[in-house]
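Novice: Sequence first, then the predicted structure, then my questions.
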Amino acid sequence: MKEKDKKNEQPQRAYIYLVKTPSSNDLTICASESVFYPGTYVVSPTRYGLDMGVVVGSAASLSNDDYQAGCRSCLGACHFGPTPKEDDDELEASGMIEDGDVIVETDGQSLNMGPVPTFEIVSERQETIEPDDPEIDEAGLWDQAYKEPEMVEVDGDVEWISHMASPEEIQRYTDNKEEEKDAIRICREKIAKHNLEMKLVTAHFLLCEPKVLFFFTAEDRVDFRDLVKDLVSVFRMRIELRQIGVRDEARVLGGLAVCGRDFCCHCVSDKLKPVTIKMAKEQNLSLNSMKISGPCGRLLCCLSYEYDFYVEEKQAYPAEGSRLKIAGDMFKVTEINILSHMMTVSGPEGRQLVIPRDELYFNHEKARWEVSQRFIDEFLTN
């Protein structure tokens with residue numbers, strides 16, 4: 001009853017933020033009455049309890065519509081850009097932060113703790129645009145500029161940021177990161193002692209309560225009750241073991257993919273979408289598992305990025321395997337190349353034709369695909 005009353009006391013309007021939990025690499029949409037800027041350390045709810053989080057940006061800019069409670073999309077949340085070092089004192093002058101506040105610097109590739117902000121408040125479009133400079137893309141500059149968060153209506157259940165992290169909490173979080181190294185070592189020794197078929201991934205001390213989380217992977221179900229008893233005797237606090245999948249392991253730990261960039265699951269989105277071999281087939285990619293699999297051993301997350309585009313574009317072509325009547329002969333569609341806008345067909349005696357997309361059309365009266373007469377006259381008429 002008290003929890004229900006507490007929810008009723010929450011304001012109807014608030015700022016909506018996208019908060020990243022460094023320990024589990026989760027993204028959460030949270031509300032607050034206070035204004036926070038990208039890189040601010042806050043204490044916010046997670047699936048495991050109150051913990052340290054980093055404000056990524058305003059989630060109210062995800063769409064033009066009002067924020068919908070429960071929305072988990074993070075696309076377009078990071079509409080901000082770094083500012084020159086000489087402008088670093090602008091936020092401090094605004095009164096929104098004080099000396100000693102800890103925020104996070106970002107260079108687009110990694111997050112680093114820093115004592116001063118690296119994001120500029122943009123209140124006027126003219127502040128970031130020189131209209132007389134023909135080399136400047138005005139729209140691009142404005143998209144990169146950080147925009148002031150705006151209050152929106154909050155309707156329904158939504159997580160609320162507890163408060164901005166204090167210097168003491170920042171220090172405790174840093175100390176916990178060092179202790180986690182020893183926790184991993186001790187836990188691995190205990191796992192070997194009990195001869196358990198499990199691989200420890202990482203450990204995390206919760207910021208706001210005496211609890212340590214251990215994340216592990218295993219092929220089968222593991223009975224770790226004796227392991228928990230040993231860990232409790234060592235750490236003297238609550239112990240929680242969480243079994244995760246190999247894709248979650250890559251998402252939490254991060255690393256470099258075959259393209260040379262950070263894992264998509266680690267830096268682009270925390271949501272693991274289903275990826276199937278059909279996506280590779282639709283994009284005419286090699287079906288060699290070594291080429292389309294990530295370090296986790298599963299299909300690459302990026303296979304799903306352009307899949308919808310390929311499916312949509314292929315609606316403008318006959319289906320692969322279907323047959324077309326061209327100049328009196330039957331041809332079979334063997335390949336569709338979306339990027340070159342070409343379709344390859346094979347006919348009698350192994351004859352092959354490469355037909356441009358512009359030469360194809362669907363005959364609604366005959367309910368079939370046909371090739372333009374111009375193409376037939378130019379390439380098939382003797």
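Specialist: That came in fine, so what should we check first?

Novice: Would you enumerate the residues in contact with residue 230?
Specialist: 190, 193, 194 (C-beta atoms under 8 Å, 6 or more residues apart in numbering). Glycine gets a C-beta too; all of them are placed from N, C-alpha and C.

Novice: Roughly how far does it sit from residue 180?
Specialist: Applying C-beta to C-beta, to the nearest Å, the value for residue 230 to residue 180 is 18 Å.

Novice: With residue 308 instead?
Specialist: Taking C-beta to C-beta, one finds residue 308 at 40 Å from residue 180.

Novice: Can you give me every residue that contacts the nearest residue to residue 11 once chain neighbours are set aside?
Specialist: Take residue 11 and drop its neighbours on the chain: the residue closest to it by C-beta to C-beta, 6 or more residues apart in numbering is residue 33, 6.0 Å away. Residue 33 sits next to 11, 14, 15 when contact means C-beta under 8 Å, 6+ apart.

Novice: Looks to me like the second one is in a strand.
Specialist: Yes: secondary structure assignment places residue 14 in a strand (DSSP: H, G, I helix; E, B strand; the rest coil).

Novice: didn't residue 254 look like it was pressed against residue 261?
Specialist: No: Residue 254 lies out of contact with residue 261 (C-beta atoms under 8 Å); the separation is 11.0 Å.

Novice: Residue 213 belongs to a helix?
Specialist: No: under three-state DSSP, residue 213 falls outside any helix and is assigned strand.

Novice: measure it to residue 166 for me?
Specialist: 23 Å.

Novice: Let's have the contacts of residue 33 in JSON lines, adding neighbour count and pLDDT.
Specialist: Formatted as JSON lines, these follow (neighbours: other C-beta atoms under 10 Å; pLDDT from 0 to 100):
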{"residue": "11", "neighbour count": "11", "pLDDT": "78"}
{"residue": "14", "neighbour count": "22", "pLDDT": "90"}
{"residue": "15", "neighbour count": "22", "pLDDT": "91"}
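
Novice: ok, so of those, who is nearest residue 323?
Specialist: residue 15 (59.3 Å; C-beta to C-beta).

Novice: I figured that closest one was touching residue 154, is that so?
Specialist: No: with contact defined as C-beta under 8 Å, residue 15 and residue 154 do not form a contacting pair (9.5 Å).

Novice: shared neighbours of these two, anything?
Specialist: residue 31.

Novice: Tell me which stretches of the stretch 251-382 of the chain form helices.
Specialist: 264-267, 277-282, 289-292, 307-313, 373-379 (DSSP state H, counting those that start in this stretch).

Novice: Quick one: closest of the ones you listed to residue 299.
Specialist: Among the helices of the stretch 251-382 of the chain, if distance is taken as C-beta to C-beta, the winner is helix 289-292, at 5.9 Å.

Novice: Show me what that closest one is in contact with.
Specialist: 280, 285, 286, 299, 300, 303.

Novice: Mind checking the pLDDT average for that helix?
Specialist: Mean per-residue pLDDT for helix 289-292: 89.

Novice: Then stretch 298-305?
Specialist: Average pLDDT, stretch 298-305: 90.

Novice: In PDB, could you pull the C-alpha coordinates for that stretch?
Specialist: Only the C-alpha atoms of stretch 298-305 are listed here, as PDB (Å, rounded to 0.1, in the frame of the first residue of the first chain):
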ATOM      1  CA  ARG A 298      26.200 -16.700 -33.100                       C
ATOM      2  CA  LEU A 299      25.100 -14.900 -36.200                       C
ATOM      3  CA  LEU A 300      26.200 -11.300 -36.600                       C
ATOM      4  CA  CYS A 301      23.800  -8.800 -35.100                       C
ATOM      5  CA  CYS A 302      24.300  -6.500 -38.200                       C
ATOM      6  CA  LEU A 303      22.600  -9.100 -40.400                       C
ATOM      7  CA  SER A 304      19.300  -7.700 -39.200                       C
ATOM      8  CA  TYR A 305      20.100  -4.100 -39.900                       C
END
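
Novice: in it, what's buried?
Specialist: For stretch 298-305, the neighbour count (16 or more other C-beta atoms under 10 Å) marks 298, 299, 300, 301, 302, 303 as buried.

Novice: According to the record, where do the domains of the protein fall?
Specialist: 2-165, 169-247, 317-379 (automatic domain parsing).

Novice: Count the residues that sit near residue 162.
Specialist: 16 (other C-beta atoms under 10 Å).

Novice: need the next SSE after the host helix or strand of residue 18, C-terminal direction.
Specialist: Residue 18 is part of strand 13-21 when elements are defined by DSSP states H and E. Toward the C-terminus, strand 13-21 is succeeded by strand 26-32 as the next helix or strand (DSSP H and E).

Novice: Direction included, what does that following strand pair up with?
Specialist: Taking DSSP bridges as the criterion, strand 26-32 forms sheet pairs with strand 13-21 (antiparallel), strand 159-160 (parallel).

Novice: could those strands be laid out in TSV, adding distance to residue 371?
Specialist: Below are these laid out as TSV (distance: least, C-beta to C-beta, whole Å):
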stretch	distance to residue 371
strand 13-21	50
strand 159-160	58
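
Novice: most tightly surrounded among those?
Specialist: Highest mean neighbour count among those (mean count of other C-beta atoms under 10 Å): strand 13-21, with a mean of 22.

Novice: For that one, which outside residues touch it?
Specialist: 26-36, 42, 44, 46, 51-60, 67, 74, 77, 149-154, 158, 160-161, 270.

Novice: Buried only: go through the residues you listed for me.
Specialist: 26-32, 36, 42, 44, 46, 51-60, 67, 74, 77, 149, 152, 154, 158, 160-161, 270.

Novice: Tell me which of the residues you listed fall in strands.
Specialist: 26-32, 42, 44, 46, 51-58, 152, 160 (DSSP state E).

Novice: residues in contact with residue 272?
Specialist: Contacts of residue 272 by C-beta under 8 Å, 6+ apart are 247, 248, 251, 265, 301.

Novice: Please apply the same query to residue 284.
Specialist: With C-beta under 8 Å, 6+ apart, residue 284 has these contacts: 335, 336, 337, 338.
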